[in-house]
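Asks: Sequence plus predicted model, see below.
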Amino acid sequence: MRPDLQELFRMEKLPHIWCPGCGHGIIMRAIAEAIKESGIDMDKTVIVSGIGCSSRAPGYMNFDTCHTIHGRALAFATGIKLANPELNVFVITGDGDATAIGGNHFIHAARRNIDLNVILFNNNIYGMTGGQYSPLTPTGSKATTSPYGNVERNFDIPTLAIAAGASYVGRGTAYHDKLLKDLIIAGINNKGFSLIEAISMCPTSFGRRNKLGNAAKMLELQKTAAINVKAAQKLPPEKLEGKFLIGELHNKPAPEFTEEYDKLIAKLRKEAEQ
Amino acid sequence: MTVNKARLIQGNQACAEGAIAAGVTFFAGYPITPSTEIAEIMSEELPKIGGKFIQMEDEIGSMACILGASLTGKKVLTASSGPGISLKQEAIGYASMAEIPCVIVNVQRLGPSTGGPTSTAQGDIMQARWGTHGDHPIIALCPATVKECFDLTVKAVNFAEKFRTPVYVLLDEIIGHMREKVILPNKEDIEIVDRKRPSTKPGDYKPYRTDESLIPEMADYGTGYKWHVTGLHHDETGFPTTKPALVEKLMNRLMSKLDKYKEEILLWQEESTDDAEVLIVAYGSTARSALDAVEKLREAGIKVGLFRPITIWPFPEEALARLAANVKGVIVPEMNYGQLYLEVERICKDKCKTSGLFKANSEPITPDEIIAKVREVL
Amino acid sequence: MLGELPLDINLKHCKACGICYAICPRKALAGDKLGKVYMSDPDKCTKCGICEAHCPDYVIFVRRDKK
Ligand SMILES: Cc1ncc(C[n+]2csc(CCOP(=O)(O)OP(=O)(O)O)c2C)c(N)n1
């Protein structure tokens, strides 16, 4: 590993538990790079996760870290940030963790526009439990609980986050790691709820079952199926068929929850003094 | 010393004021009868003192939220009732496992399910003990007066901080909504306990290492200690382990750490027990009826006494066993189908007769009902 | 000699996923019998870093200071 990144990791905990070719490791490094580049105080940075393969990431990262319970990372993080707004709070979560069991916290944290940097590792499957379908498993795809192909429709995470009130939304992939890092930095700089969807890959439980090839092929697929939002604007709709957008998808600053709360405290203080 | 004015306040309000007096500066909750007043008061009072209130999207989130806040070093509270307390269970287990101080007020209503939102009950006694999965330590305190709502919430916060465990304050609807005249103590007369902070530098800090106190030192997030918190079994470094010996070491400590402090944690009241032939074991609002029954029966020359556990979990077993050895029978009136009775029966059955007086129909148990039961037993 | 290769490879952490040698634009990398990475043709390496960036296990580090 790059020597300058090593202080951001608990090096003695590596190698991580993720399967060969799992995209989560690439995304975890992008987060570390973003934190490093942003220059934020690492002693004042907390990384919170739920449960899942992705949620194991904080254990490898050299910060105050909290591996919580399934779906509740955002609620824990809300408590941390509100209790001490001085802290930079990151949330690492999976597609199931954030949008199935944790869906309610997801929309409400976005609605509050609380200053959290959420990196959602989307591998289209419940990885940790061995490959059941998630709200991000595409219709028709196979999972251990959709052996005939997924009958359900899936979420579009950025659309969900934007509708719920997130002030910064972007999407990168494990392939587009530099873009991913830049989006995370932009999220850090956004005072409010920032949601970065990081498309990952699960060769073990999703790729194999859906005949997508090995990890390298799945990474290649991210490259070919992704279109940068800026490029997409110039393309006719038929060229966008079967593609997904990456890049900065939404950037609309809004009042941030903990700052608004602090204003309330200041106002009450002033009133009490008078 | 200034003497505070007598005020007429509700149990729920006394809880809220007790929490603030104990140093609670963070509350997260979700409205539910009959606990809502606590959230309402906290929303009004906390920002005035620079504290934080948040109404979360549900009780799961509320519980998780206060645990997050506790990790930053704040003293934290949530309050709810039946359905909401059920939702909190997974996170309460996390608090037991990761040893995150927190206090949960449960103003009990009649269950199961939505049950009777405005009806009183004591149906969550066993849930308080075993509501979350797996073996785990827990403390539950049970006030019977408005003043005690204040005092025991202060104690609950102190216990949570000192022993790094979730602590329940178990009210029932009657106690939560009842108004009584109280004189609350002055700030300077209230004992405040803070969690132990690290005595080592960050590099040497092992977050779950303990000395003979069995209680590890806890660093506030954001102070450079960079420690890891997980609900997985962990070794003293805080990182996950599946090694049976280390899992056992952790579990043995968790399951015995409160034992060590029994003398401090176990609280109870004895009334007219010296020469009692019959002992009533009652708690919460039921203890008020029981006390009335004891007085009336004593006037009639019948030797009854009251044992009121204030700490319900862990149960003051030795104190009860001592009394049970000298009586003919023990009666347990409670507003459920016999929950604490199970514990009392276990402790007393070799020593005397035990019987229960159970009622869970939204009405309180009256002194007359208890008197009738005592006469039946005698 | 290993120290002179353009890449520092921590084989202990290599899980043989095959991403690096599939993604290498110059085919400077290959997999051994077990699928673990080795530099099959160090001279072709331009130190572009694409392997390093896409190794999920932080096995590869490009020695940028040396030629
Ligand atoms: C309350 C609860 N329900 C279910 C589980 C089992 N479980 C653990 S991880 C997981 C799914 C994780 O999937 P995702 O969030 O997509 O993350 P990934 O593992 O794919 O990174 C489930 C269902 C649990 N731990 N807790």
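Replies: Structure received. Computed from a predicted structure; not experimentally measured.

Asks: C-alpha only now, for contacts and for neighbours.
Replies: OK.

Asks: For residue A:173, grab phi and psi.
Replies: Residue A:173 has phi and psi values of phi -140, psi 170 when expressed as degrees, to the nearest 10.

Asks: what's the burial count for the spatially closest residue to it that is not a sequence neighbour?
Replies: The shortest distance from residue A:173 to any residue other than its chain neighbours is 4.3 Å, reached at residue A:199 (Cα to Cα, 6 or more residues apart in numbering or on different chains). When neighbours are counted by other Cα atoms under 10 Å in any protein chain shown, residue A:199 registers 24.

Asks: isn't residue A:199 right next to residue A:177, touching?
Replies: No. In this structure residue A:199 lies outside contact range of residue A:177 using Cα atoms under 8 Å: 10.0 Å.

Asks: What segments of the stretch 1-150 of chain B are strands?
Replies: Defined through DSSP state E, counting those that start in this stretch, the strands belonging to the stretch 1-150 of chain B, from first to last, are B:7-10, B:24-29, B:52-55, B:75-80, B:102-110, B:116-120, B:139-141.

Asks: out of these, deepest packed?
Replies: When you average the neighbours per residue for each of these (mean count of other Cα atoms under 10 Å in any protein chain shown), strand B:75-80 leads with a mean of 30.

Asks: quick one: contacts of it?
Replies: The set of residues external to strand B:75-80 that reach it, using Cα atoms under 8 Å, 6 or more residues apart in numbering or on different chains, is B:19, B:23-36, B:38-39, B:59, B:62-63, B:66-67, B:69-70, B:101-107, B:157, B:161.

Asks: Try it again at 6 Å.
Replies: Outside strand B:75-80, the residues within contact range by Cα atoms under 6 Å, 6 or more residues apart in numbering or on different chains are B:24-29, B:35, B:66, B:102-106.

Asks: possible to save these as CSV with distance to residue B:75 and pLDDT?
Replies: Shown next, in CSV, are these (distance: Cα to Cα, whole Å; pLDDT from 0 to 100):
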residue, distance to residue B:75, pLDDT
B:24, 5, 98
B:25, 6, 98
B:26, 6, 99
B:27, 9, 99
B:28, 12, 99
B:29, 15, 98
B:35, 20, 98
B:66, 9, 99
B:102, 7, 99
B:103, 9, 99
B:104, 12, 99
B:105, 14, 98
B:106, 18, 98
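
Asks: for those, which one is nearest residue A:23?
Replies: Each of the contacts of strand B:75-80 was checked against residue A:23 using Cα to Cα; the closest is residue B:66, at 32.6 Å.

Asks: Most proximal residue of chain C with respect to the ligand?
Replies: Closest to the ligand within chain C is residue C:56: 14.1 Å, counting by Cα to the nearest ligand atom.

Asks: on that earlier part again, which phi and psi values does the residue nearest to residue A:173 adopt?
Replies: Per-residue torsions, residue A:199: phi -70, psi 120 (degrees, to the nearest 10).

Asks: any idea how far chain B is from it?
Replies: From residue A:199 over to chain B the distance is 25 Å, taken as Cα to the nearest Cα, to the nearest Å.

Asks: send the alpha carbons of stretch B:367-377 over as CSV?
Replies: This file holds the C-alpha atoms of stretch B:367-377, laid out as CSV (Å, rounded to 0.1, in the frame of the first residue of the first chain):
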residue,chain,number,x,y,z
PRO,B,367,-55.8,-2.2,48.8
ASP,B,368,-59.0,-4.2,49.4
GLU,B,369,-58.1,-6.8,46.8
ILE,B,370,-54.7,-7.2,48.5
ILE,B,371,-56.4,-7.3,52.0
ALA,B,372,-58.7,-10.1,50.8
LYS,B,373,-55.8,-12.0,49.4
VAL,B,374,-53.9,-11.8,52.7
ARG,B,375,-56.9,-13.0,54.6
GLU,B,376,-57.2,-15.9,52.2
VAL,B,377,-53.5,-16.9,52.7
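
Asks: Report the buried residues of it.
Replies: Going by neighbour count (16 or more other Cα atoms under 10 Å in any protein chain shown), the buried part of stretch B:367-377 is B:367, B:370-371, B:373-374.

Asks: Among these, which ones are in helices?
Replies: B:367, B:370-371, B:373-374 (DSSP state H).

Asks: ok, the residue of chain C closest to the ligand - contacts?
Replies: Shown here is residue C:56, whose contacts under the criterion Cα under 6 Å, 6+ apart are A:25-26.

Asks: Looks to me like it is in a helix.
Replies: No. Assigned with DSSP: H, G, I helix; E, B strand; the rest coil, residue C:56 falls outside any helix and is coil.

Asks: any chance you could map the helices in chain B?
Replies: B:11-21, B:36-45, B:59-71, B:82-98, B:125-130, B:146-163, B:173-177, B:244-256, B:262-265, B:284-299, B:317-324, B:340-348, B:367-377.

Asks: Quick one: closest of these to residue A:171.
Replies: Counting by Cα to Cα, and looking across all of the helices of chain B, nearest comes helix B:59-71 at 26.3 Å.

Asks: tell me the angle of the closest one relative to strand B:75-80?
Replies: Following axes from the mean of the first three to the mean of the last three Cα atoms, to 10 degrees, one obtains 170 degrees for the angle between helix B:59-71 and strand B:75-80.

Asks: near the ligand, anything from helix B:59-71?
Replies: No. Where contact is defined by Cα under 6 Å from any ligand atom, no part of helix B:59-71 touches the ligand; the two come within 10.8 Å at best.

Asks: Just the C-alpha atoms of that helix, please, in CSV.
Replies: Only the C-alpha atoms of helix B:59-71 are listed here, as CSV (Å, rounded to 0.1, in the frame of the first residue of the first chain):
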residue,chain,number,x,y,z
GLU,B,59,-37.8,4.0,18.4
ILE,B,60,-35.1,1.9,16.8
GLY,B,61,-33.5,5.0,15.5
SER,B,62,-34.0,6.7,18.9
MET,B,63,-32.1,4.0,20.7
ALA,B,64,-29.3,3.9,18.1
CYS,B,65,-29.1,7.7,18.2
ILE,B,66,-28.6,8.0,21.9
LEU,B,67,-25.9,5.3,21.7
GLY,B,68,-24.1,7.3,19.1
ALA,B,69,-24.3,10.4,21.3
SER,B,70,-23.1,8.5,24.3
LEU,B,71,-20.0,7.5,22.4
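
Asks: wait, what's in contact with residue A:195?
Replies: Residues near residue A:195 by Cα under 6 Å, 6+ apart: A:118, A:169.

Asks: Does it belong to a helix, a strand or coil?
Replies: For residue A:195, the assignment made with three-state DSSP gives strand.

Asks: so where do the strands sit in chain A?
Replies: Per DSSP state E, chain A carries strands over the ranges A:45-49, A:64-67, A:88-94, A:117-122, A:168-173, A:194-199, A:226-228, A:244-251.
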